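Q: no sequence on this one, just coordinates:
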Ligand code: MG
Ligand code: MG
């Protein structure tokens with residue numbers, strides 16, 4: 001578009017309920033892929049496990065064929081940040097892997113990612129993953145309590161900056177997004193504080209909130225496969241993501257079986273099922 005931001009798609013409650021169904025299938029598929037992520041497994045095997053759950057539920061993958069992407073999940077290991085392609089890579093003890101996938105039901109999309117540490121964890125990787133996941137929940141809580149989409153990035157940034165110990169970097173090259181009848185839609189959801197407050201939060205808005213944190217520099221590069229994004233300093237990276245709906249009674253995490261209740265409670269937010 002030449003001027004301003006692309007139009008935001010605001011969903012009806014019925015559409016958001018279908019997105020929730022897609023999110024529940026996705027959650028089960030991620031459960032299966034996470035459980036399979038053990039030393040000696042290939043990333044292609046994780047993809048097969050994930051795809052089987054979608055298949056059985058009658059859901060379609062929104063990753064497979066997306067601008068030619070060849071698999072149903074992204075598997076990003078260690079210094080790989082996002083968009084890693086599943087293949088013959090064998091997971092080793094101590095690897096940290098982000099598994100990012102999505103599902104479509106009746107034309108409505110979901111998108112979610114989790115990070116797993118394979119076998120014996122490095123404590124700094126545990127910290128990286130825990131801080132990234134909590135940053136995601138802080139962002140989700142800000143969607144419930146804030147006024148503008150920019151409040152999400154402020155909440156993520158404030159939390160990550162407040163964590164004691166070695167500083168972690170917040171990636172700026174990749175951000176969250178609107179989601180609905182397509183996987184990637186307006187608006188962008190930044191994971192850092194800027195002077196742009198972004199669009200107003202209102203019912204029907206559905207967002208994929210996905211902070212990506214690194215143990216070193218936030219500079220990234222894309223490998224020759226044209227997909228895999230890596231940190232240029234080789235330091236490890238992490239991603240967590242949920243799709244979340246705003247409706248007239250509150251928010252509901254579409255890709256979490258409990259709507260986010262357990263992790264949002266300590267943050268003072270009670271998610272409400274979509275009416
Ligand atoms: Mg994703
Ligand atoms: Mg996403």
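A: Done, it's in. Values in this document were obtained by computation on a predicted structure and should not be read as measured data. Ligands and ions are numbered 1, 2, ... in the order given.
Q: so the residue of the stretch 51-200 of the chain found nearest ligand 2, which state does it fall into?
A: Closest approach between the stretch 51-200 of the chain and ligand 2, counting by CB to the ion: residue 111, at 4.2 Å. Glycine gets a C-beta too; all of them are placed from N, C-alpha and C. Put simply, residue 111 is strand when judged by DSSP: H, G, I helix; E, B strand; the rest coil.
Q: what ranges of the stretch 1-150 of the chain fall below the confidence cut-off?
A: Along the stretch 1-150 of the chain, the parts satisfying pLDDT under 70 run over 1-5.
Q: ranges for the helices of it?
A: For the stretch 1-150 of the chain, the helices defined by DSSP state H, counting those that start in this stretch occupy 13-36, 43-57, 123-145, 150-162.
Q: before we move on, the earlier item: mind listing what the residue of the stretch 51-200 of the chain closest to ligand 2 touches?
A: Neighbour list for residue 111: 26, 62, 100, 101, 102, 179, 183, 208, 210, 241, 243, 255 [criterion: CB atoms under 8 Å, 6 or more residues apart in numbering].
Q: then residue 141?
A: Contacts for residue 141 (CB under 8 Å, 6+ apart) come out as 155, 264, 267, 268, 269.
Q: one more time with 10 Å, if that's ok
A: Residue 141 makes contacts with 151-152, 155, 159, 251, 260, 263-264, 266-269, 271, as judged by CB atoms under 10 Å, 6 or more residues apart in numbering.
Q: from ligand 1, how far off is it?
A: Per CB to the ion, to the nearest Å, residue 141 is found 20 Å from ligand 1.
Q: now that residue. Nearest residue, chain neighbours left out?
A: What sits nearest to residue 141 in space, not counting adjacent residues and going by CB to CB, 6 or more residues apart in numbering, is residue 267, at 4.1 Å.
Q: all strands in the stretch 101-250 of the chain, in order from the N-terminus.
A: 108-117, 169-170, 176-178, 185-189, 206-209, 212-214, 220-222, 229-231, 237-239, 242-247, 250-253 (DSSP state E, counting those that start in this stretch).
Q: for residue 139, find the nearest of those.
A: strand 206-209 (4.6 Å; CB to CB).
Q: hang on, the earlier thing: dump the strands of the stretch 101-250 of the chain to CSV, plus distance to ligand 1.
A: CSV is the format used below for the strands of the stretch 101-250 of the chain (distance: least, CB to the ion, whole Å):
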stretch, distance to ligand 1
strand 108-117, 4
strand 169-170, 17
strand 176-178, 9
strand 185-189, 12
strand 206-209, 6
strand 212-214, 10
strand 220-222, 16
strand 229-231, 13
strand 237-239, 8
strand 242-247, 9
strand 250-253, 14
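Q: out of those, which comes closest to residue 79?
A: Closest of the strands of the stretch 101-250 of the chain to residue 79 is strand 229-231, at 5.0 Å (criterion: CB to CB).
Q: next, the contact list for the residue nearest to residue 141, please.
A: Contacts of residue 267 by CB under 10 Å, 6+ apart are 134, 137, 138, 140, 141, 142, 144, 145, 155, 260.
Q: pLDDT score assigned to it?
A: Here the pLDDT value assigned to residue 267 is 98.
Q: tell me the phi and psi of it?
A: Torsion angles at residue 267 (phi, psi; degrees, to the nearest 10) stand at phi -100, psi 10.
Q: how close does it get to residue 134?
A: Residue 267 sits at a distance of 9 Å from residue 134 (criterion: CB to CB, to the nearest Å).
Q: again with residue 59
A: 29 Å.
Q: who's more crowded, these two?
A: residue 59 (22 against 19; other CB atoms under 10 Å).
Q: around ligand 1, which positions in the stretch 1-150 of the chain sit nearby?
A: 100, 111, 113 (CB under 5 Å from the ion).
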